[in-house]
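[1] Using only what follows, build the 3D model:
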Amino acid sequence: MSRIRLRYVDHFTDRHGTVRYYFRRPGGKRTPLPGLPGSEAFMAAYAAAMGAPENKPAKQRGEQGTFDRLVALYYESAEFKTLKAPTQRAYRLAIERLLMLEKMGPRPVRGFNRTIIKGIMAKRVATPSAANDALKKLRILMKFALDLGWRDTDPTLRISKFKEGEHHTWTDEEIERFEAHWPIGSVQRTAFALLLFTGQRVSDVAAMSWKDVSLDGQRIRVTQEKTGTKLDLALHDDLLHVLADWPKWEHAILQTSWKRPFSVKGLGNKMADAIGAAGLPDECVTHGLRKAAARRLAEAGCTAHEIASITGHRSLAEVERYTRAAGQRILNDAATLKLASRRLPNQTQETP
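    Modelled structure (predicted):
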């Protein structure tokens, strides 16, 4: 009698002497098969088991206690999943790049120390922002390792950040130079006006839509991608002038030549090219327009709270950082006028 050989089928003899057949893929669960191999019931159950999706255990990243396993667990944590989607993408990209460049993946988390961290930062001393971002991500991972009980101490404590430069705040002369090069009606000028007169980030300007503009055309609603802050902004007269004859497309205000909304990166690249074509210095970058908007508001006498109501900043300290370039000459003139209106003690009597 020929013996039927079926894949993933095995058998055992139970305590009553009966041969029991079962189906099991490697690493999977046993599925009992009724009757004898070749019988109708047996073959039907076997066919169903073969057709069922394989429930292979998910392969875990890295060995227990390594950075590979730590970051895999971090990506599944509430701390990571509650971040905004753009922040999640940025954090994941930065962490993966750090692990790749420093070959940290298979290293044990418990063996990580201050000397290693300082070495990582020293490699990036020429780019302080990169060094500080690496330190920030390491602090996040070390805190998470503490929460998991993988470490007893945080080696990032008391390691100071490098001093960073700041984005250049556009001057009025640079603004005029851009406007002189790009006429009203060009996508470059329209994007420029939206950035400057709303004080928003590139990501928020790329998402602006005509449906967010009020019925009277005087206001626009913005939900900031980075923070989720909701703003209701009055449109400046100069911006209204630029938008007056701009096409009222169904979706985004700014669209590519293929009539599709710009991606954040696409709009950023478009503006970088436009700035270069206008002959402006390298220090003039798109984010500097947001700072220029805050500077102009400060020079107009707006309070920090008033500026924050437009830029969406949650921290007044951050607003003050943005407005450091508020025209020193204008503020000095205001201070001098205040002093001039007050009679000094040595001026109360005429000199004989």
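[2] Tally up the residues packed near the residue lying closest to residue 104 once chain neighbours are set aside, please.
    Computed as Cβ to Cβ, 6 or more residues apart in numbering, the closest residue to residue 104 that is not its neighbour in sequence is residue 67, at 4.6 Å. Where you see a C-beta, it was placed from the backbone N, CA and C, and this is true even at glycine. Residue 67 has 24 neighbouring residues, counting by other Cβ atoms under 10 Å.
[3] quick one, domains of the chain?
    9-51, 67-148, 172-334 (automatic domain parsing).
[4] Export those domains as a markdown table, with columns for mean pLDDT.
    What follows is those, written out as a markdown table (pLDDT from 0 to 100):
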| stretch | mean pLDDT |
| --- | --- |
| domain 9-51 | 88 |
| domain 67-148 | 95 |
| domain 172-334 | 92 |
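[5] Reformat the ones you listed as a markdown table; add distance to residue 154.
    Putting the domains of the chain into a markdown table (distance: least, Cβ to Cβ, whole Å) gives the following:
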| stretch | distance to residue 154 |
| --- | --- |
| domain 9-51 | 38 |
| domain 67-148 | 5 |
| domain 172-334 | 25 |
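[6] Among those domains, which comes closest to residue 165?
    Ranking those by proximity to residue 165 (Cβ to Cβ) places domain 67-148 first, at 7.4 Å.
[7] which residues sit against the helix or strand hosting residue 141?
    Using DSSP states H and E, residue 141 falls within helix 128-148. Helix 128-148 is contacted by residues 67, 70-71, 73-74, 77, 79, 91, 94-95, 98, 109, 112, 117, 120-121, 123-125, 151-156, 159, 161-165 when judged by Cβ atoms under 8 Å, 6 or more residues apart in numbering.
[8] Ramachandran coordinates for residue 261?
    phi -60, psi 150 (degrees, to the nearest 10).
[9] I'd like the numbering to begin with 9 instead of 1 from here.
    OK, 9 is where the count begins now, so the last one is residue 269.
[10] closest to residue 69 out of the domains of the chain?
    Of all the domains of the chain, it is domain 75-156 that lies closest to residue 69, at 4.0 Å by Cβ to Cβ.
[11] roughly how far out does the closest one sit from the chain middle?
    15 Å (Cα atoms, centre = their mean, to the nearest Å).
[12] Which residues are in contact with the residue nearest to residue 112?
    107, 112, 113, 114, 115, 117, 120, 149.
[13] Helices - which of the residues you listed land there?
    Among the contacts of residue 75, DSSP state H puts 107, 149 in helices.
[14] State the pair within the contacts of residue 75 that is farthest apart.
    114 and 149 (14.9 Å).
[15] neighbour-wise, which of these two wins?
    residue 149 (21 against 12).
[16] and the gap between that one and residue 214?
    To residue 214, residue 149 is 31 Å away according to Cβ to Cβ, to the nearest Å.
[17] Kindly report the same for residue 264.
    With Cβ to Cβ as the criterion, residue 264 and residue 214 are 11 Å apart.
[18] quick revisit: out of the contacts of helix 136-156, which are buried?
    75, 78-79, 81-82, 99, 102-103, 106, 117, 120, 125, 128-129, 132, 159, 163-164 (16 or more other Cβ atoms under 10 Å).
[19] quick one, what contacts residue 208?
    Contacts of residue 208 by Cβ under 8 Å, 6+ apart are 202, 216, 230, 232, 298, 319, 320.
[20] Tell me the buried residues in the helix holding residue 149?
    138-143, 145-150, 152-153.
[21] Grab the nearest non-local neighbour of the residue most central in space within the chain.
    Centroid-nearest residue in the chain: residue 95, 3.2 Å away (criterion: Cα atoms, centre = their mean). Closest residue in space to residue 95, ignoring its immediate chain neighbours: residue 234 at 7.3 Å, by Cβ to Cβ, 6+ apart.
[22] so that neighbour sits right up against residue 272, yeah?
    No. Assessed by Cβ atoms under 8 Å, residue 234 is found out of contact with residue 272, at 10.7 Å.
[23] Name the residues contacting each of the two.
    Contacts common to residue 234 and residue 272, judged by Cβ under 8 Å, 6+ apart, are residue 211.
[24] what about these two, which has more around it?
    Using other Cβ under 10 Å as the criterion, residue 234 and residue 272 rank with residue 272 on top: 16 against 13.
[25] hmm, back to that, so where does the residue nearest to the centre of the chain fall, helix or strand?
    helix 93-110.
[26] same for the helix or strand that comes right after that helix, what does it pack against?
    Counting by DSSP H and E, the next helix or strand C-terminal to helix 93-110 is helix 122-130. Contacts defined by 3 or more Cβ pairs under 8 Å, 6 or more residues apart in numbering; DSSP states H and E place helix 122-130 against helix 136-156.
[27] relative to helix 122-130, how tilted is the helix it packs on?
    Orientation check (axes from the mean of the first three to the mean of the last three Cα atoms, to 10 degrees): helix 136-156 against helix 122-130 gives 150 degrees.
[28] how many degrees apart are helix 136-156 and helix 93-110 in direction?
    Going by the same axes, to 10 degrees, helix 136-156 makes 100 degrees with helix 93-110.
[29] one step back: select from the contacts of residue 208 every entry located in helices.
    Checking these against DSSP H, those in helices are 202, 298, 319.
[30] Tell me the buried residues within those residues.
    202, 298, 319.
[31] how about the strands in the stretch 259-360 of the chain?
    Counting by DSSP state E, counting those that start in this stretch, the stretch 259-360 of the chain has no strands to list.
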